[in-house]
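Visitor: quick one, fold the following:
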Amino acid sequence: MASAREEGGRMSRGVPMKLARLIPTFTVVGLFLAACGGGTTSTSSPGASVPSDLSISSFTADFSYMAKLKDLTAAGKGKVGVILPDTTSSVRYVQFDQPYLQKAFQQAGYKSSDFTITNAQGQEAQELAQAQTAITNGATVLIMDPLNSTVGSQIQTLAQQKGVKVISYDRATFTGTNTYYVSFDNVQVGELIGKGFVQCVADWGVKNAQVYELDGGQNSDPNAVSFAQGYNDAIWGKKVAHVDNGTTNSQGMKLVGEQVATDWKNDIGQTIFQQAYTANSAINATVEANDGLGNAVVTVLKSKGVKAKSVPTTGQDATPDGMANVLTDFQCGSVYKAVYLEAQAAVALATVLRAGQNPPSGLVNGTTAPPSGQSGNQQPAVLLVPIWVSKANMKDTVIKDNFVDKGALCQKVTAAVCSAAGIS
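Guide: Model prediction:
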């Protein structure tokens, strides 16, 4: 899966999952899973056919494609219930997901009575109750971002009993037969982090890199495992969640330490790295799973008097702090996962399902599945494409998309620093 958890890249989720090791793997496919209602060829009814060009490439920052779904919206039955997980693990849910989902619904022709968007406020019981309420009130499709696999499975079971289709948004749920997944390819997110790190070590002239990895909340978020698989593959040639200390690569790097910041908590990550750096000041290159953890490491490095462009750090989510650290040469880059793409993809898929149609393979372009030997089912997935953001392309990505407030960013780092990166 992906995402996406931002301050937990990432996004932190509080309660450890019973299925925390139910790691998703992705396979791009051209055919759709029969388990979710048949082949990928779109069926049609008068005035309600699926647009032939509907794909992950359809969506843009102006939401213009969504208007092409109005006939499907008019032909659909029931409501769409959206359940977001919390307001604290990441700023994205309030600042981006909720308004972008609402805009996507409106642009697709939904009336305000046709959809609901609620937030579980980090409470499993509340998330389950919100799903029950949505179904009772007539939802035929649920879009949920589950706090963890346990509540995700509970909601899916409830939905399946009521004949309601489920879209697991940003975190996969491996149960049932009417469950879809919408997110970014999380292993690819990790690959971008790893490749960006390797390039940065070379660009910053770091010699004999002694690498420390600060992993995301693998205890509660399977996304975090996928991220680690990606960056460990890119750096060490091992597509695994954990690499042994002492591992080396052909660029002369050596892993000297690795630890998980449980539940994506930045304060825990900062304490972990503070202790590691105090014990081993030879650490001169670091890998972090998201910008929150990257900023925690940067805070420690600055407190020790480490200068810019000396110790590489990484991240994802393109947060304001992350972008400031990139512009001031304390962070190599960050993986940008455009929430407006994810929101439109989720609403487009919900609209197709609500109208009783089969999603085209251009939209449902992959699968996600638990590892071999683990319980759960392979699920059809919409896998969006993440972007590595550095100083070189920041103005053409997060600034252009208004994902980061340019004025606030340039005030923080100075106008001169922004101007040097072409941001004005």
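
Visitor: which residues in the stretch 201-350 of the chain form helices?
Guide: According to DSSP state H, counting those that start in this stretch, the stretch 201-350 of the chain carries its helices in the segments 222-236, 266-279, 291-303, 320-327, 339-354.

Visitor: out of those, nearest to Tyr100?
Guide: helix 339-354 (3.7 Å; C-beta to C-beta). For the C-beta atoms, the positions are set from N, CA and C on the backbone; glycine is no exception.

Visitor: which secondary structure elements does the closest one contact?
Guide: Under the contact criterion of 3 or more C-beta pairs under 8 Å, 6 or more residues apart in numbering; DSSP states H and E, helix 339-354 touches helix 70-75, strand 79-84, helix 98-107, strand 139-144, strand 165-169, strand 179-184, strand 379-384.

Visitor: what about 10 Å?
Guide: helix 70-75, strand 79-84, helix 98-107, strand 115-119, strand 139-144, strand 165-169, strand 179-184, strand 379-384 (3 or more C-beta pairs under 10 Å, 6 or more residues apart in numbering; DSSP states H and E).

Visitor: could you dump the helices of the stretch 201-350 of the chain into CSV and include mean pLDDT?
Guide: CSV is the format used below for the helices of the stretch 201-350 of the chain (pLDDT from 0 to 100):
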stretch, mean pLDDT
helix 222-236, 93
helix 266-279, 97
helix 291-303, 97
helix 320-327, 96
helix 339-354, 97
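
Visitor: okay, the helices and strands packed on helix 339-354 in CSV with mean neighbour count and distance to Phe63 next?
Guide: Shown next, in CSV, are the helices and strands packed on helix 339-354 (neighbours: other C-beta atoms under 10 Å; distance: least, C-beta to C-beta, whole Å):
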stretch, mean neighbour count, distance to Phe63
helix 70-75, 18, 13
strand 79-84, 26, 16
helix 98-107, 20, 5
strand 115-119, 19, 15
strand 139-144, 27, 17
strand 165-169, 28, 17
strand 179-184, 29, 16
strand 379-384, 26, 15
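
Visitor: for Ile155, find the nearest of the ones you listed.
Guide: Ile155 lies closest to strand 139-144 among those, at 5.6 Å (C-beta to C-beta).

Visitor: that closest one pairs with which strands, parallel or anti?
Guide: Next to strand 139-144 in the sheet, as set by DSSP bridges, lie strand 79-84 (parallel), strand 165-169 (parallel).

Visitor: tell me the first helix or strand C-terminal of the longest one.
Guide: Scanning forward in sequence from strand 79-84 by DSSP states H and E, the next helix or strand is helix 92.

Visitor: mean confidence for that next one?
Guide: Average pLDDT, helix 92: 82.

Visitor: ok, now stretch 168-184?
Guide: Rounded mean pLDDT across stretch 168-184 is 87.

Visitor: centre of the chain to it, how far?
Guide: With C-alpha atoms, centre = their mean, to the nearest Å as the basis, stretch 168-184 stands 13 Å off its chain's centre.

Visitor: that older thread, I'd like the helices and strands packed on helix 339-354 laid out as JSON lines, including distance to Trp264.
Guide: Listed next are the helices and strands packed on helix 339-354 as JSON lines, based on distance: least, C-beta to C-beta, whole Å:
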{"stretch": "helix 70-75", "distance to Trp264": "36"}
{"stretch": "strand 79-84", "distance to Trp264": "16"}
{"stretch": "helix 98-107", "distance to Trp264": "20"}
{"stretch": "strand 115-119", "distance to Trp264": "18"}
{"stretch": "strand 139-144", "distance to Trp264": "19"}
{"stretch": "strand 165-169", "distance to Trp264": "18"}
{"stretch": "strand 179-184", "distance to Trp264": "16"}
{"stretch": "strand 379-384", "distance to Trp264": "21"}
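
Visitor: between those, which gets nearest to Ala308?
Guide: Closest to Ala308 of the helices and strands packed on helix 339-354, according to C-beta to C-beta: strand 179-184, at 29.4 Å.

Visitor: what's Ala366 sitting at in phi/psi?
Guide: Quick fix: residue 366 is Gly, not Ala. Dihedral pair for Gly366: phi -170, psi -170, per degrees, to the nearest 10.

Visitor: that one contacts Pro380, correct?
Guide: Yes. If you go by C-beta atoms under 10 Å, Gly366 and Pro380 touch, sitting 7.8 Å apart.

Visitor: break the protein down into its domains, please.
Guide: Domain assignment for the chain, taken from automatic domain parsing, gives 25-185+338-387, 186-337, 391-424.

Visitor: out of these, deepest packed?
Guide: Among these, judged by mean count of other C-beta atoms under 10 Å, the one packed with the most neighbours on average is domain 186-337 (a mean of 22).

Visitor: distance to Lys70 for the strands paired with strand 139-144 - can I get that in JSON lines?
Guide: As requested, the strands paired with strand 139-144 are arranged in JSON lines below (distance: least, C-beta to C-beta, whole Å):
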{"stretch": "strand 79-84", "distance to Lys70": "15"}
{"stretch": "strand 165-169", "distance to Lys70": "20"}
